[in-house]
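> starting from these lines, generate the structure:
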Amino acid sequence: MTSQPTPSREHGRRLATLGDAIGEVLSSGPAPGLSFGLAGLDEATGGLQPGRLVLVAAEPQVGGSLIGLAAARNTALTHNGRVLYAASGPNSADITRRIIAAEADGDYARLKTGVLTPHEQNVVERLRHAPLLIDDGSDLTAEAIADTAPLTDNLALVVVDRLQRARNPHLPLSGEHLPQASQILRELARTQHVPVLAVLDTDDPAIVNLLDADVILTLTTAPGQPLTTVTVAERDLGIIGTTTLRPDLAHARFLDTTPAASASGTPAAADAVPDMVGTAADRELADAALPFTSGAVKGLPAEATRLLAALRTALAGGQVKNLDELRTPLQTMATAGLHLPDSVEGRRLADALHAYNKPAVTNSTGQPNTPATLAGAGSDTASDDAADDTRRDDDDGLVPGDEEDEPQGTVFPALRILKDAVARSKMHPIPVIRSEEREDGPWPLISEDMAGEPSWVHPDVTSSRIAHIRDNGKRVRRDQLDVPETFGDGMMCLIDRNGSYPSACSAVPLAPNKLLHTGPLDAFDKTQAGIYQISIPEWTVPGMPHPLGRLVDRPDDQGRVWVTTPHVKQLERLHRDGHLTAPVAIHDSWTGKANESLFKPFYTAAREARSQLIQAGGEPYKNYKTRLSIALRLLWPKRQEQRSPFWRPDWRMSMVAEASVRHWTVAFKAVQEGHTLIALRNVDAAVFWTPDQAPPATYRIGTGFGEVKAKFIQRGDFIPEGDD
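This next block holds a predicted model:
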C-alpha cells in the first residue's frame with residue numbers, strides 16, 4: 001500500500017506561542033520619535049505605534065491638520081526621524097509657515113507677508129536641515145504616497161494632510177475615493193512598519209467608519225469653550241480615552257493642558273505668561289485674551305487680535321521694549337471699546353480691558369507712565385461716541401479661516417454659493433485683481449466713503465448718546481432723540497430694514513471685468529458701470545438728507561467725490577424727477593460693461609434660506625447670518641495676508657452703495673407722502689414721527705428681504721437698538 005505523505009511543517013504559516021508574543025511585547029520599548037509632542041494626547045493614545053493607520057477626524061477650522069503637524073514636528077525636529085508629509089490640502093508654503101510659527105512663537109498671519117523677526121530667522125536656519133520631506137502636488141494619490149514611502153530611507157512617519165469629504169475633481173484624495181485610499185494607507189503602515197497619520201476634514205461618523213482606521217482621534221470644540229476635546233477610539237474596541245488640548249491658532253499649534261513641572265518641581269500652566277516683566281494688568285489682559293488670540297473663541301476684530309497676540313508674545317519673551325511700544329495702541333483700543341461676545345470669556349476680557357485702561361498704569365519696568373491725557377470718570381462718553389462711526393481702514397472683521405469653503409452640510413454655504421454665482425456668469429468675470437495691479441489705476445481711488453450711507457438727524461431734533469446697562473450687565477451707549485413739542489402729538493416709529501445687503505445683490509450694477517479709464521463723460525452711459533468722479537449736487541429738499549449721505553462731508557479741494565454706479569443712477573433719476581436742478585457732472589471715470597445679475601443667484605439662494613431658517617431661529621439662523629456676512633465681506637479683504645477667492649473693492653462698495661440708495665429712496669417716498677423723518681442711518685435704520693402709530697405705507701412689514709420691522713416708543717425714550 002502506498003503510505004500517505006506526512007504534512008510538512010516547512011511550508012505552513014509561522015505560529016507564535018503566547019509566551020513568545022508576551023516576550024516580544026515586553027522587550028520592545030517605544031519607538032523613538034513616535035510621539036505627538038503633546039503629553040496629554042500621548043497618554044490617551046499610547047503614542048504613534050508603527051504599523052497602524054491613525055485617522056484625525058475634525059471639521060474645518062477645528063485644527064485637525066495641527067495634530068498632524070505636531071507629530072511631524074516632534075518626529076523630525078526633536079527626534080531627527082524622517083517624515084514624509086503628503087499634503088493634498090495645504091501646500092508646502094502653508095506647511096512651512098505653520099512650522100516656523102509653531103517653533104518660533106511667531107505670528108502665523110504675519111509670516112504670510114514674508115516678514116521675519118531676527119529670532120524667527122534664527123529658527124529658520126535651524127530648520128533648514130530637518131529630515132522632513134513635503135509632497136504637495138494637487139495630483140497626489142494614495143498610490144503615489146505608497147510608491148514614494150519605500151524609497152525614503154529610514155522613514156519614521158507618514159502624515160497625509162488631508163482627506164477631503166467633498167468630492168473635488170482636482171484632488172484625488174476626496175469624495176468617493178476615500179475608502180480605497182484608506183485601505184492603501186493602512187497597508188502602507190503595515191508593510192513599512194511605520195505609523196501613518198491621516199487628517200480627515202469631517203467628524204461625520206458615517207464617513208469615519210467607512211475608512212476603517214486602526215485609531216481614530218475625533219476633535220470637537222464646544223461653542224464658547226476655549227479647549228478642544230480629543231476622543232480616542234480603536235477599531236473593534238470603541239472609545240478608549242479622551243483628553244483636551246488648548247488651541248493656539250495664532251501660532252499654528254495646539255498647547256498641552258497637562259501641567260508641566262517647572263525647574264523647582266512645582267506644576268506650571270504650559271501657556272501661562274511669565275511674571276518677570278510687565279504689570280499685573282498686562283498679564284491679566286494677555287491671559288483673558290488667550291481664548292480669542294488662539295482662535296478658540298471668535299468675535300474680535302483682526303487688529304485687536306493682532307495687538308493682543310503681540311502682547312502675549314512680548315510677555316512670554318520678556319521683550320520690555322515691545323511691551324512699551326504696545327502700550328499706546330492697547331490703551332487706544334481699550335478706550336474705544338470692543339464689541340465682545342456675551343460669554344464668560346467675553347466678560348473676562350472686557351474686565352481686563354477696563355482694568356488695563358485705568359489711569360494708574362505702569363510700564364514694563366514698573367515705573368508709572370504719564371500719558372498726555374488720561375481717561376477721567378466721564379471720558380467713556382466721548383470715546384464710545386467716537387468709536388461708533390470709526391473703524392480702521394484695514395479692519396474688515398475677517399479672521400484667518402473665513403476664506404475657506406464651508407464644509408458639506410453647512411446650513412447656508414454662502415461663500416460657495418457666491419463663488420458659484422460668479423463662476424457661472426457668461427461674462428467671464430475677474431474675481432481677483434492681481435496684487436501687482438492694485439497700486440495704480442482705479443483701485444487706490446476706492447474707499448469705504450463710496451458707500452454713501454446716511455447718518456442724519458432732523459435739524460430740529462436733538463440727538464444725544466446716553467449710557468445704558470443691559471440685562472446682562474454690559475455697559476453700552478444708546479441714541480436718545482428729543483423731539484420738540486412743535487412736532488405735535490405722536491410717537492417715534494423705529495424702522496429696521498431686513499437683509500439690506502443681500503437684498504441689494506438682486507440687481508446691483510457691476511463691471512464683471514477690468515475697469516478701463518474712460519475719463520470725463522458728457523452723460524452717464526447705462527451700459528457701463530464702475531467708479532465716477534462727480535461734483536456734489538446741491539440738495540434743497542427739506543426734511544431729507546442729501547442722497548449721497550456721508551459722502552458730502554468728504555469732498556476734495558474742488559468739491560468732488562468718487563462714487564459707484566448706484567449713486568450715479570440715483571442722481572440721474574432725481575434730476576429726471578425734478579429734485580435736482582442739474583444733471584450729474586462726471587469729471588473722470590473708470591468703467592466696464594455693466595451687468596446687474598452677477599450676484600442674482602446668491603440673492604435668490606439667500607432669500608430662500610432666510611424664509612426657512614427665520615422660522616427655526618436659534619443657532620441655524622445665527623450661523624446663516626454669520627456666513628452671509630463673511631461671504632460679502634470677502635469681496636474686499638483688507639489685510640494682505642487674508643486669502644480670499646475675491647479682491648474686487650468696486651463690487652463690494654457698489655453692493656453697499658446699492659443698499660444705501662434703496663434705503664434712502666424708500667424713506668424719501670415716505671417724506672413725499674407727508675411723513676416726518678427724524679433720523680436716517682446706515683442702510684437699515686430709520687425713525688419717523690407718527691401721530692397714529694402706523695408706519696409709512698411705503699414700507700412693507702414682514703420678515704423677508706426688503707421688508708421691515710416697526711417698533712413704537714414714546715417721546716423722550718432712548719432707542720433700544722444699537723451696535724453693541
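
> and this protein, what are its domains?
For the chain, automatic domain parsing gives the domain ranges 39-256, 272-385.

> so residue 76 sits right up against residue 133, yeah?
No. Between residue 76 and residue 133 there is no contact under CB atoms under 8 Å: 9.1 Å. Backbone N, C-alpha and C define where each C-beta goes, glycine included.

> what is the neighbour count of residue 587?
14 (other CB atoms under 10 Å).

> that one should be in a strand, yeah?
Yes. Per DSSP: H, G, I helix; E, B strand; the rest coil, residue 587 lies within a strand segment.

> pick out the shakiest of the domains of the chain, pLDDT-wise.
Ranked by mean pLDDT, the domains of the chain bottom out at domain 272-385, which scores a mean of 65.

> quick one, helices of the stretch 401-550 of the chain?
With helices called from DSSP state H, counting those that start in this stretch, the stretch 401-550 of the chain shows them at 414-423, 500-504.

> wait, the stretch 1-150 of the chain
Going by DSSP H, counting those that start in this stretch, the stretch 1-150 of the chain shows helices at 18-27, 39-45, 64-73, 92-104, 108-111, 118-127, 142-148.

> looking at those, which is nearest to residue 401?
For those, the distance to residue 401 is smallest for helix 108-111, at 10.6 Å, taking CB to CB.

> for that closest one, packing partners?
Counting contacts by 3 or more CB pairs under 8 Å, 6 or more residues apart in numbering; DSSP states H and E, helix 108-111 is packed against helix 92-104.

> give me the angle between the helix it packs on and helix 64-73.
With axes from the mean of the first three to the mean of the last three CA atoms, to 10 degrees as the basis, helix 92-104 and helix 64-73 are set at 70 degrees to each other.

> what's the offset of helix 92-104 from the middle of its chain?
Here helix 92-104 shows a centroid-to-chain-centroid distance of 20 Å under the convention CA atoms, centre = their mean, to the nearest Å.

> what's the closest non-adjacent residue to residue 49?
Using CB to CB, 6 or more residues apart in numbering and skipping the chain neighbours, the partner closest in space to residue 49 is residue 195 (6.1 Å).

> the one you found contacts residue 55, correct?
No. In this structure, residue 195 is not within contact of residue 55 by CB under 8 Å, at 11.6 Å.

> among the helices of the stretch 1-150 of the chain, which is the most enclosed?
Stretch with highest mean neighbour count among the helices of the stretch 1-150 of the chain: helix 64-73 (a mean of 26; mean count of other CB atoms under 10 Å).

> contacts for that helix next, please.
Contacts with helix 64-73, where a contact means CB atoms under 8 Å, 6 or more residues apart in numbering, come from 35-38, 41, 48, 56-58, 83, 85, 89-90, 95, 98-99, 102-103, 132, 157, 159-162, 197-201, 217, 219, 247, 249, 252-254.

> columns distance to residue 662 on top of the domains of the chain, output as a markdown table?
Supplementary listing: the domains of the chain in a markdown table, determined by distance: least, CB to CB, whole Å:
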| stretch | distance to residue 662 |
| --- | --- |
| domain 39-256 | 34 |
| domain 272-385 | 26 |
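
> nearest to residue 429, out of these?
Closest of those to residue 429 is domain 39-256, at 20.3 Å (criterion: CB to CB).

> so what's residue 333 up against?
303-304, 307, 353.

> what of residue 657?
Contact analysis of residue 657 by CB under 8 Å, 6+ apart lists 450-452, 563-567.

> identify the residues contacting residue 48.
For residue 48, the contact set (CB under 8 Å, 6+ apart) comprises 34-36, 54, 71, 157, 195, 197.

> to clarify, my last question referred to residue 586.
Residues in contact with residue 586 (CB under 8 Å, 6+ apart) are 520-521, 523-524, 532-534, 568.

> cool, thanks, talk later.
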